[in-house]
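Peer 1: I need the structure of the sequence given here:
(2 chains)
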2 protein chains.
Amino acid sequence: MTQLSIIPIDGIGEIQVGDDLAGIIAAAADLADGDVLVVTQKIVSKAEGMLEAVDPDDPLSHKTIVERESLRVLRRRGDLVISETKHGFVCANAGVDLSNVERGYAALLPEDSDRSARRIRDGIKARANVDVAVIISDTFGRTWRRGLTDVAIGCAGIGAILDLRGSSDAYGREMQVTEVAVVDEIASAAELVMGKATGVPAAIVRGIPSDWLRKGEVRAEIVRAPEEDLFR
Amino acid sequence: MTQLSIIPIDGIGEIQVGDDLAGIIAAAADLADGDVLVVTQKIVSKAEGMLEAVDPDDPLSHKTIVERESLRVLRRRGDLVISETKHGFVCANAGVDLSNVERGYAALLPEDSDRSARRIRDGIKARANVDVAVIISDTFGRTWRRGLTDVAIGCAGIGAILDLRGSSDAYGREMQVTEVAVVDEIASAAELVMGKATGVPAAIVRGIPSDWLRKGEVRAEIVRAPEEDLFR
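Peer 2: Residues are numbered from 1 along each chain as shown, chains lettered A, B, ... in the order given. Prediction:
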């Protein structure tokens, strides 16, 4: 295994509704074939117009949107809602939030983040003639651990899960439960160079093995059906 | 923000009970001040002798150890047990497993992984005179998502959580819930170059901002008390 580089993309600037995100990123970054491009949900939602007006003087103004975007509320505590979205994600406030959005607006999740990732991948191929994989990342909490980490909510050109079942460990024993959610690990790695307040909404992960680069989908591979999980 | 490098450490070889892990890693890697060294739980447990004999012909032989190491069982499905360990982790099989361990043995979690991280950090300082942060990583499942990712079970010389509350987003709005579990993100990043079957049990993450490097503990910062969470 060779080393990886995690490279922040500077100079993307403020994204507006209708912006050509693939073109803007291709112009800002020196992308190469085989790169994995990680783009934060916030700028994808902005470019796609997934914004809704809220009362700028009411810090809880987005809560009615949260209720509407929640397919099923799992827990409430104070202002916090943990719910399942129509995309199948379980997260706080149905992924609706106010941070890094213009005052008076809330940002919703993209309609279909795997599709958004495919569009960006295709757009970069068309504009810069490079083959990159794309991951759309968002910041989620965890059930049993404090603190947030970035995970993938959509991907294209990379398998979401690396399935090692059937391969052998260093002792020749067959691996048992070993399906690694590599797109989530890559989203987390990229977050380390993006920060939350630095205005860096995208990063390149360079050096990912080429055999991980295949057709992939977060929705089909990562989202766990309610009937399959143990805690819903 | 500058870029990060994720560098696998080759040549660590087979770890035996009582081995000087800090010395072995310092000899195998070209460590520099400010590096974050990620070490997988498996070799820490081996070096610390956290192994227990099991029947090599019974694939479920470690299950009695799992029951004993479980402070509280949260869910069972078939052979799978999701439980809370005495360390406060919620994970499959109380962190006890057979993969990448000599046939006839199961590996248990270190007694205190934050202490293990501090010892490795101090050992590397003593042997190589470099100041590194250390993260002990393990592979955990997630409640709502398929696939596994690596997280931190112990750390030293780095804050487990980066607390951005009170700082401002790109629009000058005060950040709300933004405590980033950077040690988990770094553990995930390192997993990408370690794999599960490749015999690479440690990696260097180079380029982490120096102000993240402080006294830190997974147990105090990341482990969520049962009374604090919403799903136990």
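Peer 1: where in chain A is pLDDT low?
Peer 2: For chain A, the stretches flagged by pLDDT under 70 are A:1, A:174-177, A:196-198.
Peer 1: And the residue nearest the centre of it?
Peer 2: Chain A has A:Ser137 as the residue nearest its centroid, 1.9 Å off, counting by Cα atoms, centre = their mean.
Peer 1: Hmm, A:Thr149 and that residue touching each other?
Peer 2: No: in this structure, A:Ser137 is not within contact of A:Thr149 by Cβ atoms under 8 Å, at 9.8 Å. C-beta: built from backbone N, CA, C; applies to glycine.
Peer 1: re the thing from before, what's near enough to touch the residue nearest to the centre of chain A?
Peer 2: A:Val38, A:Val39, A:Thr40, A:Gln41, A:Asp150, A:Val151, A:Ala152, A:Ile153, A:Ala187, A:Ala190, A:Glu191 (Cβ atoms under 8 Å, 6 or more residues apart in numbering or on different chains).
Peer 1: try A:Pro110
Peer 2: With Cβ under 8 Å, 6+ apart, A:Pro110 has these contacts: A:Gln41, A:Val44, A:Ser45, A:Glu48, A:Met50, A:Ser116, A:Ile136, A:Ile153, A:Gly154.
Peer 1: Quick check: the gap between it and chain B.
Peer 2: 18 Å (Cβ to the nearest Cβ, to the nearest Å).
Peer 1: Assign that residue to helix, strand or coil.
Peer 2: Following DSSP: H, G, I helix; E, B strand; the rest coil, we place A:Pro110 in the coil state.
Peer 1: Equivalent analysis for A:Ile24, please.
Peer 2: Counting by three-state DSSP, the backbone at A:Ile24 sits in helix.
Peer 1: which helix is the longest one in chain A?
Peer 2: For chain A, the helix reaching the highest residue count under DSSP state H is reported as helix A:113-128.
Peer 1: residues making contact with that helix?
Peer 2: A:20-23, A:25-26, A:31, A:37, A:39, A:41, A:44, A:48, A:87, A:110, A:130-136, A:153-157, A:217-220.
Peer 1: for chain A, what spans make up the helices?
Peer 2: So, for chain A - with DSSP H - the helices run A:21-28, A:41-47, A:63-69, A:113-128, A:182-194, A:218-221.
Peer 1: I'd like these as CSV, with mean neighbour count appended.
Peer 2: Below are the helices of chain A laid out as CSV (neighbours: other Cβ atoms under 10 Å in any protein chain shown):
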stretch, mean neighbour count
helix A:21-28, 19
helix A:41-47, 24
helix A:63-69, 17
helix A:113-128, 20
helix A:182-194, 28
helix A:218-221, 20
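Peer 1: Turn the ones you listed into TSV, columns for distance to A:Leu162.
Peer 2: Shown next, in TSV, are those (distance: least, Cβ to Cβ, whole Å):
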stretch	distance to A:Leu162
helix A:21-28	25
helix A:41-47	23
helix A:63-69	31
helix A:113-128	17
helix A:182-194	5
helix A:218-221	10
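Peer 1: Next, the contact list for A:Ile222, please.
Peer 2: A:Ala152, A:Ala160, A:Ile161, A:Ala181, A:Val183, A:Asp184, B:Arg145, B:Arg146, B:Gly147.
Peer 1: Residues in a beta bridge with the first one, which ones?
Peer 2: In this structure, A:Ala152 has beta-bridge partners A:Ser137, where bridges are defined by DSSP bridges.
Peer 1: my read: it touches A:Glu185, true?
Peer 2: No: with contact defined as Cβ under 8 Å, A:Ala152 and A:Glu185 do not form a contacting pair (9.0 Å).
Peer 1: Measure how buried A:Glu52 is and give me the count.
Peer 2: 17 (other Cβ atoms under 10 Å in any protein chain shown).
Peer 1: what about the closest residue to it other than its chain neighbours, distance to chain B?
Peer 2: Nearest residue to A:Glu52 in three dimensions, chain neighbours excluded: A:Ala106, at 5.3 Å (Cβ to Cβ, 6 or more residues apart in numbering or on different chains). Computed with Cβ to the nearest Cβ, the distance linking A:Ala106 and chain B is 12 Å.
Peer 1: tell me the contacts of A:Ala106?
Peer 2: Applying Cβ under 8 Å, 6+ apart to A:Ala106 gives the contacts A:Leu51, A:Glu52, A:Val54, A:Ser61, A:His62, A:Ile65, A:Val96, A:Asp97, A:Leu98.
Peer 1: so who does the fourth one touch?
Peer 2: Neighbouring residues of A:Ser61 by Cβ under 8 Å, 6+ apart: A:Val54, A:Asp55, A:Ala106.
Peer 1: is stretch A:209-216 up against chain B anywhere?
Peer 2: No: judged by Cβ under 8 Å from any Cβ of the partner chain, stretch A:209-216 stays clear of chain B, getting no closer than 9.1 Å.
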